[in-house]
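Trainee: no sequence for this one, just the structure:
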């Protein structure tokens with residue numbers, strides 16, 4: 001039987017004060033999405049993920065990052081803003097959410 005995040009670290013949800021929004025942050029390819037999904041699954045929380053496949057500038061960025069960095073970052077920023085606006089429209093106190101991004105990471 002696979003250990004969950006909670007059992008692996010001998011944690012009980014009843015003894016943990018959990019905020020309404022948990023964000024996992026880090027560089028590309030370090031496992032933010034994997035950790036976010038495992039946390040959400042282990043804690044039975046909703047998950048909010050970035051959608052890199054939806055970014056039309058990402059492929060161009062990988063080929064020529066100097067000329068496409070701003071467009072790729074702006075797309076991700078607007079994508080994050082839209083997701084957070086949708087959260088505000090929903091009752092944020094109704095359930096806890098785990099995300100693989102924080103809006104504050106972009107100094108744009």
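Mentor: Yep, it's here. Not measured: the values here are computed from a predicted model.
Trainee: my reading is that residue 28 lies in a helix. Confirm?
Mentor: No: assigned with DSSP: H, G, I helix; E, B strand; the rest coil, residue 28 falls outside any helix and is coil.
Trainee: what about it, how many neighbours?
Mentor: Residue 28 sits with 6 neighbouring residues when counted by other Cβ atoms under 10 Å. All C-beta spots, glycine's among them, are computed from the backbone N, C-alpha and C.
Trainee: separation between it and residue 85?
Mentor: Distance, residue 28 to residue 85, using Cβ to Cβ, to the nearest Å: 24 Å.
Trainee: quick one: the helices in the chain, in order.
Mentor: For the chain, the helices defined by DSSP state H cover 5-8, 32-43, 58-63, 65-89.
Trainee: most tightly packed of these?
Mentor: Highest mean neighbour count among these (mean count of other Cβ atoms under 10 Å): helix 32-43, with a mean of 17.
Trainee: per-residue pLDDT, residue 14?
Mentor: With respect to pLDDT, residue 14 scores 63.
Trainee: let me redo that: residue 54
Mentor: At residue 54, pLDDT is 92.
Trainee: before we move on, what about residue 69?
Mentor: 91.
Trainee: quick one: it and residue 61 touch, right?
Mentor: Yes: using Cβ atoms under 8 Å, residue 69 is in contact with residue 61, at 6.4 Å.
Trainee: out of the helices of the chain, the one nearest residue 52 is which?
Mentor: helix 58-63 (5.8 Å; Cβ to Cβ).
Trainee: any low-confidence regions in the protein?
Mentor: For the chain, the stretches with pLDDT under 70 are 1-16, 18, 89-95, 106-108.
Trainee: do that again at 50, thanks
Mentor: Judged by pLDDT under 50, the chain has its weakly predicted residues at 1.
Trainee: got the contact list for residue 72?
Mentor: 55, 57-58, 60-61 (Cβ atoms under 8 Å, 6 or more residues apart in numbering).
Trainee: can you do 6 Å?
Mentor: Counting by Cβ atoms under 6 Å, 6 or more residues apart in numbering, residue 72 touches 57-58, 61.
Trainee: in a markdown table: those, plus distance to residue 48.
Mentor: Below are these laid out as a markdown table (distance: Cβ to Cβ, whole Å):
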| residue | distance to residue 48 |
| --- | --- |
| 57 | 21 |
| 58 | 19 |
| 61 | 23 |
